[in-house]
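Asks: sequence-free structure coming up:
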């Protein structure tokens, strides 16, 4: 899977608790992305990063924050989890050069908020 | 809101038949990409077509792009049971990809 891992792979948590998901890459790609996938919605972008400490919001960023202190790690935090954040979360990486726009996806994290 | 909309939402065919999926989008793009997702797995990049290209081939895959109609199609020829998956188009005009809701393809042996 293009040297990209996500942890944990599964998590069940209670409403109101903080949750942090980790994405780790060994490809040294500049761009990293967090998506959520829900039935009927496809993949929706939460946040992305274009370099260390450089992040920007996506389509569904409310309730989520991110941090990237190292090239290889991109963290997604749910400050206070809600049931509407029950979803499958995917991390993706991309070299995003002039000739390469494709993204490579991790295996996903299934999060259930009860 | 989704940029790309795939059609049909679901498609069932027999092995050996061709499968065609369509994608429509709303705004100008730099390129359009197709991805496959097997059940319970992450997405896998299949093919990219740039806005100045009209057709591209990769093995059994053929992608067309019509920027005047804001639409693309993915053709899988001589399908196999292993092609069973969901297929997504994604459009790019900045640093971000916007994905459609996908077509579920079932190929029966």
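Replies: Structure received. In this text the structure is predicted, and so the values were computed from the model without any measurement.
Asks: leaving aside the residues next to it on the chain, what's closest to residue 9?
Replies: If you meant another chain, say so; for now it's chain A. Distances taken as C-beta to C-beta, 6 or more residues apart in numbering or on different chains put residue A:109 closest to residue A:9, at 5.9 Å, once the chain neighbours are dropped. Glycine gets a C-beta too; all of them are placed from N, C-alpha and C.
Asks: wrong one, chain B
Replies: residue B:103 (6.4 Å).
Asks: list the contacts of the one you found.
Replies: Going by C-beta atoms under 8 Å, 6 or more residues apart in numbering or on different chains, residue B:103 touches B:6, B:7, B:8, B:9, B:10, B:11, B:21, B:86, B:87, B:88.
Asks: for residue B:82, see how far away it is.
Replies: To residue B:82, residue B:103 is 17 Å away according to C-beta to C-beta, to the nearest Å.
Asks: for residue A:3, same thing?
Replies: Taking C-beta to C-beta, one finds residue A:3 at 24 Å from residue B:82.
Asks: gap between residue B:63 and chain A?
Replies: 13 Å (C-beta to the nearest C-beta, to the nearest Å).
Asks: ok, what's across the strand from that residue?
Replies: residue B:56, residue B:74 (DSSP bridges).
Asks: show me which strand runs longest in chain A.
Replies: Ranked by residue count under DSSP state E, the longest strand found in chain A is strand A:42-51.
Asks: is there proximity between that strand and chain B?
Replies: Yes - interface with chain B: strand A:42-51 contributes A:42, A:43, A:44, A:45, A:48, A:50 (C-beta under 8 Å from any C-beta of the partner chain).
Asks: okay, buried residues for that strand please.
Replies: Within strand A:42-51, the residues that count as buried by 16 or more other C-beta atoms under 10 Å in any protein chain shown are A:42, A:43, A:44, A:45, A:46, A:47, A:48, A:49.
Asks: mind listing the strands it pairs with, and their directions?
Replies: strand A:31-38 (antiparallel), strand A:54-57 (antiparallel).
Asks: what's next to it, contact-wise?
Replies: With C-beta under 8 Å, 6+ apart, strand A:42-51 has contacts from A:30-38, A:55-61, A:64-66, A:68, A:74, A:76, A:89-90, A:96, B:2, B:43, B:88, B:95-102.
Asks: one more time with 7 Å, if that's ok
Replies: For strand A:42-51, contacts defined as C-beta atoms under 7 Å, 6 or more residues apart in numbering or on different chains pick out A:30-37, A:55-61, A:64, A:66, A:68, A:74, A:76, A:90, B:2, B:88, B:95-96, B:99-102.
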